[in-house]
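> using only what follows, build the 3D model:
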Amino acid sequence: MNEKPEWLKKLKNLPEINLNMKFFGGHQQKVPFGWVAKRETHFAFEIMIILEGVQHTDFDSRSYDFVEGDIILIPPGTSHENSCTSKEGLKYFCAHFDIDDPEIQQNLLMYCPIQLRKDNIVFIKIKEILEAYVGFLEQEKFCLREKLLVERLLIELVICLLDYTTYEQQKMEASDNSSLVLAKAIADTIQKNFRTFTEYPLEENRSLLSMNAVSEAMGISESSMLKIFKKVFSVSPKHYLDQLRYNEAKFLLHQPTLSISEIAEIIGYQNLSHFSRQFKKWSNLSPKEYRELNKERA
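Got it, this is the predicted structure:
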């Protein structure tokens, strides 16, 4: 490849774009009272909007009742079971999307709760995008133009979700609520420790992945850290670290030069079989199956 000439090096360039985004499983359904979608996990984000009725969702440690107009964002690898608890039935729209960018995933994990807050200024725009997806379901067939419009909506959705996270981050940083401030600092420490380890996955850095190291850095007990973090983010610090590991693993599995055992080491697993079992628990796919699946979609 020819070297860039000096005059070209001096020009201001737009950033190169190499994001791998996938949108799939978008559907609308009307179900009767008593309907149950059995417990499952997905390798991608799942987003839902309740159009009519009430949906009850059980997670591993928490339950919600979602009503008409609620928007739900379920992170990758999160086990959940949905059911209809309204006599008149339940109507919802649901879709899955995946983004192979750890920074975007990290922002969504940290600042997007399971139930998106309606007081966030971006909520209405996200709702409009999901309603636009519902409108597309009236198409009898999807030609190239319609497929591109669906993809454009995905880009708009991701931008809006990032705007949502920016608003939540600014609100959190401006807050005088000590729990919010401390929970944010805990999450930042977990992220920093994890990034340090993935860059230098050495034995002497392994302690960075322990919750004890995080609590010591924050100057609080592990029990206090757990209580505060779970109150703000609805998940434990360990679960948050696991989500970071899972997202990093997915990103690295797209790098063909890395073996699965090398990926396991990079995200902190000393035992390949342990990593494979955990990845399958997160995604219902083994690391090898996930890699092969994304080769087919490439």
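
> so where do the strands sit in this structure?
Ranges of strands in the chain, per DSSP state E, are 21-31, 36-40, 45-52, 54-59, 63-67, 71-74, 80-84, 90-99.

> would JSON lines of the ones you listed with mean neighbour count and mean pLDDT be doable?
C-beta: built from backbone N, CA, C; applies to glycine. Shown next, in JSON lines, are those (neighbours: other Cβ atoms under 10 Å; pLDDT from 0 to 100):
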{"stretch": "strand 21-31", "mean neighbour count": "14", "mean pLDDT": "94"}
{"stretch": "strand 36-40", "mean neighbour count": "11", "mean pLDDT": "94"}
{"stretch": "strand 45-52", "mean neighbour count": "20", "mean pLDDT": "98"}
{"stretch": "strand 54-59", "mean neighbour count": "18", "mean pLDDT": "96"}
{"stretch": "strand 63-67", "mean neighbour count": "14", "mean pLDDT": "96"}
{"stretch": "strand 71-74", "mean neighbour count": "20", "mean pLDDT": "97"}
{"stretch": "strand 80-84", "mean neighbour count": "19", "mean pLDDT": "97"}
{"stretch": "strand 90-99", "mean neighbour count": "20", "mean pLDDT": "95"}
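
> quick one: which of these is nearest residue 272?
Nearest to residue 272, of all the strands of the chain, is strand 90-99, at 23.9 Å by Cβ to Cβ.

> pull the helix or strand with minimum mean pLDDT from the chain.
Least confident helix or strand of the chain, by mean pLDDT, DSSP states H and E, is helix 6-9 with a mean of 78.

> circling back to that earlier point, format the strands of the chain as TSV; extra columns: distance to residue 227.
TSV is the format used below for the strands of the chain (distance: least, Cβ to Cβ, whole Å):
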stretch	distance to residue 227
strand 21-31	36
strand 36-40	26
strand 45-52	27
strand 54-59	18
strand 63-67	19
strand 71-74	24
strand 80-84	23
strand 90-99	31
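
> what's the neighbour count on residue 218?
Neighbours of residue 218 under the rule other Cβ atoms under 10 Å: 16.

> thought it was touching residue 228?
No: contact criterion Cβ atoms under 8 Å: residue 218 and residue 228 do not qualify, at 9.4 Å.
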